[in-house]
Each structure stands twice: as C-alpha cells, then as structure tokens.
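A.B. asks: Here is my input, please return the structure:
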Amino acid sequence: MPFLLGALVTAIFFQTSSLGTFFSSGTIAEVQAVSVEVNRTRIDALFQKLWKEREGQVWMSKEEAQMVVQYLEPGQTMWEWGSGGSTTFFSHFVSEYYSVEHDEVWFNTVKEQLTADPVLSKKVSYQHVASVPYERVWPGPPSIGANYAQYIRAVPEDLKVDRFLVDGRARPQCAIEALFHFRDPQDSILFLHDFWDTVQRGHYKLVLLLYEMIDTVLEEQSLVVLRPKPDWRERLARFAYPEWWVGATADDSATPVQIIRVLD
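C.D. replies: Alright, predicted model coming up:
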C-alpha cells in the first residue's frame, strides 16, 4: 500500500508541477533528437577511425562509404551480395551482417580476415555460393541465368533484413530478390554499387521500375541508395522474359512467376 500511494503522489506531482512540463511530449522529442545526434556523432567518429585504418581495403570511395554508413544504425541486420573490404568495414555499424561470395578463392581470403577478428567472426555470417564460371556473359540465355539462381536466392526464407548492399554478380536480379526479404517496407534501403557505370545495360534500368532513388554518389564508381516502391509487386508481375532472365528455365516462354517465384 505505501508503494502504491507513493506512485500516485508521484504521478500527481509530475502532472501539476513544472517538472511535469519538463517531461512533456515536446521535450521528450527534443531529448530523443539529441540522443540521435549523439549516436550519429559516435558513428561518424567510428567511421573516420576505421577509414583511416582500412583506406584502400574498401573498394569504394570515401564519399560512397560515408553514404552507406549514413543509413546504418546499431540493431539493424544487413545482407551483402559480393564481399571484401566492405564486409569487414560495414559490419561494424550493424548488429548482424550476412554476406555471400561466388568466387571461392576470394571467399577464403575474406574468411581468414573475419576469422582473425574475434568480434566480426561472431557477427558476420559468411558463405560461398558458386555461380557460373567467371566469364562475362550478359545478359545470356535462360540456361545461364538458371546457374545464378542459388547465388541470388541465398537469403534464407525467414530472414528479415533492414539494409542490402548489392556489389557482386547479377546485381539487378539480386536487387529484386531483396524485395522479398525486407523487414519494414517503410524503412527499407538497398545500396547498389557501380550503378551509373552499368545502367546503360537495359536490364539494370529495370531496378528503377521497382525502386525509387533517394540518394546517390555520381563520382568514382558511383552508388545509388534505393527504397522499394509501394506497388513493386504489381510492377514486378508485368516483367517478362527476356527482360528478366535470371532463374528462367530452358523454355523461353517461361512466365514471370516461373522465372522468379510465386509472389504471395
């Protein structure tokens, strides 16, 4: 009883006193804003420290890497197609990091770096998934696309992801696969590297039919920051071969559903 009485008095006090004004919704919002600012300051400091230590290891410009980190927060889950310095760098800024690599030799090199780091070895889930041999065949026949399917669909069905980085093989197709795995449609971000150098390829432009661009770096290799369009499912259903080629069967008449998956 004394405890309940004390709680009641405290509640009345905060409602009637000037301290109650201090804890008003407006002030709480201001405190939260300050907290966010402090957090971003810490993240920026970590970025500068890591970049100084690892400059040249991340195959991005500093401006590109900064843009990626700008959209990362502790507690998020991130998935990456195509590994390297980005794996050991960006994984510091999120809680869980997943990466898939098609080149076995390069996979083993990065794996050694992750294993040597006691923190990243626990935080990063890293896997090798072979695709077609490393000859450039673009866009290729359906049989070529089918060989990419395992690489593209390496994301576990039940895994929900906050941020995707696409910097490996079959990038437009990986970007579209990501649509099925975002945790929150309102806060979903995909980073697509080397975009402006390759957008002249017709099938790269398909990404912009399903995503809206919210940020970009035009210099160096280039980077775009994308968010799914609200009606991406309806748009995706209108895709047809040969515009969409990865995952198709040997039958050129394969429908979009056969090529990708059942949407629902």
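A.B. asks: Test my guess that residue 128 contacts residue 101.
C.D. replies: Yes. At 5.6 Å, residue 128 counts as touching residue 101 under the criterion of CB atoms under 8 Å. Backbone N, C-alpha and C define where each C-beta goes, glycine included.
A.B. asks: Identify the contacts common to those two.
C.D. replies: Listed contacts common to residue 128 and residue 101 are residue 107; contacts here mean CB atoms under 8 Å, 6 or more residues apart in numbering.
A.B. asks: more neighbours, the two?
C.D. replies: residue 101 (28 against 18; other CB atoms under 10 Å).
A.B. asks: Residue 74 versus that one, what's the distance?
C.D. replies: 25 Å (CB to CB, to the nearest Å).
A.B. asks: Same check on residue 229?
C.D. replies: Separation of residue 229 from residue 74 (CB to CB) stands at 28 Å.
A.B. asks: Looking at the two now, which is surrounded by more residues?
C.D. replies: Set residue 229 next to residue 74 and count neighbours by other CB under 10 Å: residue 229 wins out with 16 against 11.
A.B. asks: Pull the contacting residues for the more buried one.
C.D. replies: 210-212, 235.
A.B. asks: what residues are up against the closest residue to residue 120 other than its chain neighbours?
C.D. replies: Spatial nearest neighbour of residue 120, chain neighbours left out: residue 114 (5.1 Å); criterion: CB to CB, 6 or more residues apart in numbering. Contacts for residue 114 (CB under 8 Å, 6+ apart) come out as 87-88, 120-121, 124, 126.
A.B. asks: Please flag which of those residues sit within helices.
C.D. replies: 87-88, 120-121 (DSSP state H).
A.B. asks: Generate a ChimeraX selection restricted to the buried entries among the residues you listed.
C.D. replies: A single ChimeraX command is used to select the members of these judged buried by 16 or more other CB atoms under 10 Å:
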select :87,88,120
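A.B. asks: List just the nearest of the ones in helices among the contacts of residue 114 to residue 205.
C.D. replies: residue 87 (27.8 Å; CB to CB).
A.B. asks: Please, which helix or strand holds the residue lying closest to that closest one once chain neighbours are set aside?
C.D. replies: Nearest non-adjacent residue to residue 87, counting by CB to CB, 6+ apart: residue 99, 4.8 Å away. In the assignment (DSSP states H and E), residue 99 maps to strand 96-101.
A.B. asks: With just CA atoms, put that strand into CSV.
C.D. replies: Extracted as CSV, the C-alpha positions of strand 96-101 are listed here (Å, rounded to 0.1, in the frame of the first residue of the first chain):
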residue,chain,number,x,y,z
GLU,A,96,24.0,-8.8,-37.8
TYR,A,97,25.8,-9.0,-41.1
TYR,A,98,25.4,-11.6,-43.8
SER,A,99,27.5,-11.9,-46.9
VAL,A,100,27.6,-14.3,-49.9
GLU,A,101,30.5,-14.6,-52.3
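A.B. asks: mind saving the C-alpha coords of stretch 185-205 as CSV?
C.D. replies: Presented in CSV, the C-alpha positions along stretch 185-205 are these (Å, rounded to 0.1, in the frame of the first residue of the first chain):
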residue,chain,number,x,y,z
PRO,A,185,8.6,-1.6,-46.0
GLN,A,186,8.7,1.9,-44.6
ASP,A,187,12.4,1.7,-43.6
SER,A,188,13.9,-0.5,-46.3
ILE,A,189,17.1,0.6,-48.0
LEU,A,190,19.2,-1.1,-50.8
PHE,A,191,22.6,0.2,-51.8
LEU,A,192,23.6,-0.6,-55.4
HIS,A,193,27.3,-0.1,-56.3
ASP,A,194,28.7,0.8,-59.7
PHE,A,195,25.2,1.7,-60.9
TRP,A,196,25.9,4.6,-63.2
ASP,A,197,28.7,2.8,-64.9
THR,A,198,26.4,-0.1,-65.8
VAL,A,199,22.9,1.5,-66.1
GLN,A,200,23.3,1.6,-69.9
ARG,A,201,22.7,-2.1,-69.8
GLY,A,202,19.0,-2.4,-70.3
HIS,A,203,18.3,-4.9,-67.5
TYR,A,204,20.0,-2.6,-64.9
LYS,A,205,17.3,0.0,-65.7
